[in-house]
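Asks: Test case, fold it:
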Amino acid sequence: MLTNKNEGNGYIKDAGEILVYIYNHFLQKVENIPRKKIEAETGWEISRIDNALNYLDKNRFAEKGKDIKIQPNLGHFETRRVEIDEIIRLTGKGISIVENSQKFKLRFGFEIGDLRVFEYSW
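Replies: Numbering: from 1, shown residues only. This is a model prediction of the structure:
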């Protein structure tokens, strides 16, 4: 019988859901997920997302990075607009745990089942 050693840690369940979300995008050949997309999709408070993403990053299931875009010069000045977006990228360890249902349930406290019909809480 599986037991959830993380029961009561809501951010761990949140992290598991975000990991499944990132993994589903990975299957569609999308390697980097903008943090803004996760914020818009979940509708969660920033602190809730931070806790989940920090957990994934700390445990190396996903890693946070930066996407830097430099816009061309605007007008007569040598001014360039720089946009820096935080991105989230799945790691090999993240792929492995999503693909091992027993380890995933022990770590995150819920079963994934069929990824094509996975129901997020958001």
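
Asks: mind listing what the residue nearest the centre of the chain touches?
Replies: With distances taken as C-alpha atoms, centre = their mean, Ile18 lies nearest the centre of the chain, 4.4 Å away. Listed by C-beta atoms under 8 Å, 6 or more residues apart in numbering, the contact set of Ile18 reads 38, 42, 49, 52-53, 56, 62, 88. For the C-beta atoms, the positions are set from N, CA and C on the backbone; glycine is no exception.

Asks: State the three-state secondary structure for it.
Replies: What DSSP: H, G, I helix; E, B strand; the rest coil gives for Ile18 is helix.

Asks: pLDDT score for it?
Replies: On pLDDT, Ile18 comes in at 98.

Asks: same thing with Asn4?
Replies: 39.

Asks: do the same with Arg80
Replies: The score at Arg80 is 62. That number is its pLDDT.

Asks: Can you show me the helices along this protein?
Replies: With helices called from DSSP state H, the chain shows them at 10-27, 35-42, 46-58, 92-98, 101-108.

Asks: and the ones you listed, which is most packed in?
Replies: Comparing the helices of the chain by mean neighbour count (mean count of other C-beta atoms under 10 Å), helix 10-27 comes out on top with a mean of 20.
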